[in-house]
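In: no sequence for this one, just the structure:
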């Protein structure tokens, strides 16, 4: 990434302390959390809401450091009532829970399936034998977690590899939980909100025409099932219209007693109302202030989200919300990075665009900082409104071309996000750029085809390939229990000097090598998928993965699996997506 001013080089750590028994936090290296905030050594903490634990129960105390004093390789003294004085090392882990997804087998908002992925970066094999959840008791303090019966599991993760556990469990409450995975290297821990995961596709600025049936038909045709809305008169209070064209809510959702109900919960994506706190309308909102504003939702069943904007400092905001996302666009849009600083255009510098593949860089950064929580991303849509000489650099088109739009979305999806938000899908913007409708629809159809793997999977490998020193392809994979989704994103596009748009070349002969996780190395079926269906491809096994020979440009998505049912299931989901499109023919603007 390129910026107008250098990034702060001081790196720290986000720390979670798991404490059993009746203890309460007090001082860290002799100072209170408030003092560490005031001196700028911490970005945020949740210790102001901590309560004294109880015998047999668990408490989780969190803080996010801001200086290297609290980073890996350091240690600090914790003086806590009930614990005495202990020294806690801050060490980079060799094993960790990299992703946790809660799913529902019957569309209920209460999940009954846990898919958990583990990374083993050590030189020894890792075995997992048990999984225990720690949950609050109904009607008691959410900060005090009680042990549930452990479940026997069996997972072996080779050195330098990943493994997964998929468990069916009784219906889970929508609250905060700790997960304790028993392994041969000691317990691995995670603390996060239980939320049923679905791949939602949202639109920004959709609230201007939601009483218009042609507009609602178009959103449905584009597979949009959420919007940045709460109450919209004539829509959300009109069952005849809302039930036919439902959009999940994605807004402030306050007061809680109105929205945290059994009726509305299935219709809610997340709470989001802070705008872009890193910018804050000219004054950045401090991470602790973000925590305080989201705090009232912790007692609810509603998941929270925060829109991050600037990768240089969004590490300070890591862990604040249940479902973080970012907005950053790569053509004719405001941006935190300095587009004229990129030097990949054959010696030229441009101001109207930035490398499309940096969307993938941003997604990977956000994911690693917030693991094991799920992440989402805004993707650049047909927004009509960005103006100003510094934004265009001489470019006349004020929105992404269909190819630019698709490329940004595919880079994001390939990293393992579990929802995608288009900015924006207002009626005005859609009518201004009707050539974006088809690519948005096709991406939505492909998301629906791949949805189970995108939700159950974890980012596995990433490779940035060059050819004669120039960008060529970004290769990424998502490893799910039943299949791996293999992405090839074309980075050999050019910045056209005349039209000032990014252009991709014709299909070219390619050979892609993808590593596969241990449980999929016996894959005997590899095929390409897109919105048009399943396509046979030439491939063979090699080492721990597969080699694919093809002729492609722009992007290509492949599936590797050993299950004969995967093909049919993907095609069934494609037909369901086509049926939804056919049931909502486009009439807007006609």
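Out: Arrived safely, thanks for sending. All figures in this text were calculated on a predicted structure; none of them were measured in a lab.

In: okay but residue 118 is in contact with residue 179, surely?
Out: No. The criterion here is Cβ atoms under 8 Å, and residue 118 misses it with residue 179 at 11.0 Å. Placement of C-beta: from N, CA and C, glycine included.

In: Have a look at those two and say which one is more surrounded.
Out: residue 118 (23 against 20; other Cβ atoms under 10 Å).

In: how far away is that one from residue 181?
Out: Distance, residue 118 to residue 181, using Cβ to Cβ, to the nearest Å: 7 Å.

In: list residues touching both of the two?
Out: Common neighbours of residue 118 and residue 181 are listed as 97, 128, 165, 188 (criterion: Cβ atoms under 8 Å, 6 or more residues apart in numbering).

In: top of those by neighbour count?
Out: Ranking the shared contacts of residue 118 and residue 181 using other Cβ under 10 Å puts residue 128 first, with 24 neighbours.

In: Dump the shared contacts of residue 118 and residue 181 into JSON lines; add distance to residue 406 and pLDDT as well.
Out: What follows is the shared contacts of residue 118 and residue 181, written out as JSON lines (distance: Cβ to Cβ, whole Å; pLDDT from 0 to 100):
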{"residue": "97", "distance to residue 406": "33", "pLDDT": "98"}
{"residue": "128", "distance to residue 406": "39", "pLDDT": "98"}
{"residue": "165", "distance to residue 406": "34", "pLDDT": "98"}
{"residue": "188", "distance to residue 406": "38", "pLDDT": "98"}
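
In: of all these, which comes closest to residue 424?
Out: Nearest to residue 424, judged by Cβ to Cβ, of these is residue 97 at 35.1 Å.

In: from memory the closest one sits against residue 118, does it?
Out: Yes. If you go by Cβ under 8 Å, residue 97 and residue 118 touch, sitting 5.8 Å apart.

In: which residues are in contact with both of these two?
Out: 181, 188.

In: Let me know the outermost residue of the chain.
Out: Most distant from the centre of the chain: residue 84, at 39.1 Å, with distances by Cα atoms, centre = their mean.

In: measure it to residue 21 for me?
Out: Following Cβ to Cβ, the distance that separates residue 84 from residue 21 is 12 Å.

In: ok, back up a step: what touches both of residue 118 and residue 179?
Out: Counting by Cβ under 8 Å, 6+ apart, the residues touching both residue 118 and residue 179 are residue 97.

In: so where's the stretch 151-300 of the chain uncertain?
Out: Within the stretch 151-300 of the chain, no stretch has pLDDT under 70.

In: which residue ranges form the strands in it?
Out: Here the stretch 151-300 of the chain has its strands, by DSSP state E, counting those that start in this stretch, at 151-157, 161-168, 176-183, 188-193, 200-203, 226-227, 248-251, 268-271.

In: helices or strands next to the shortest one in the packing?
Out: Using 3 or more Cβ pairs under 8 Å, 6 or more residues apart in numbering; DSSP states H and E as the contact test, the elements touching strand 226-227 are strand 200-203, strand 248-251.

In: Strand partners (parallel or antiparallel) of it?
Out: strand 200-203 (parallel), strand 248-251 (parallel) (DSSP bridges).

In: Which one of those lies nearest to residue 93?
Out: strand 200-203 (30.7 Å).

In: Any buried residues in the closest one, and which?
Out: 200, 201, 202, 203 (16 or more other Cβ atoms under 10 Å).

In: One more: stretch 224-240?
Out: 224, 225, 226, 227, 228, 229, 230, 232, 235, 236.

In: JSON lines please, covering those and showing distance to residue 78.
Out: Below are these laid out as JSON lines (distance: Cβ to Cβ, whole Å):
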{"residue": "224", "distance to residue 78": "48"}
{"residue": "225", "distance to residue 78": "45"}
{"residue": "226", "distance to residue 78": "42"}
{"residue": "227", "distance to residue 78": "45"}
{"residue": "228", "distance to residue 78": "41"}
{"residue": "229", "distance to residue 78": "44"}
{"residue": "230", "distance to residue 78": "41"}
{"residue": "232", "distance to residue 78": "49"}
{"residue": "235", "distance to residue 78": "51"}
{"residue": "236", "distance to residue 78": "48"}
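
In: Out of the residues you listed, the closest to residue 368 would be?
Out: Nearest to residue 368 among those: residue 226, at 25.3 Å, using Cβ to Cβ.

In: what's across from the closest one in the sheet?
Out: With DSSP bridges as the rule, residue 226 is bridged to residue 202, residue 248.

In: Do you have the helices of this structure handy? List them.
Out: Along the chain, counting by DSSP state H, helices occupy 33-38, 213-221, 239-242, 256-259, 287-294, 358-370, 389-392, 402-413, 427-432, 437-456, 565-583.

In: looking at these, which one has the lowest mean pLDDT?
Out: Among the helices of the chain, helix 389-392 has the lowest mean pLDDT, at a mean of 62.

In: what about stretch 583-590, start to end distance?
Out: 17 Å (Cα to Cα, to the nearest Å).

In: Begin at 628 from now on, thanks
Out: Done: numbering now begins at 628, and the last item shifts to stretch 1210-1217.

In: got the buried residues for that stretch?
Out: Buried, per 16+ other Cβ under 10 Å, within stretch 1210-1217: 1211, 1213, 1215.

In: cool, and stretch 777-784?
Out: Buried positions in stretch 777-784, judged by neighbour count with 16+ other Cβ under 10 Å: 780, 782, 784.

In: Same check on stretch 639-657?
Out: Using 16+ other Cβ under 10 Å as the burial criterion, the residues of stretch 639-657 that qualify are 639-642, 644-647, 649-655.
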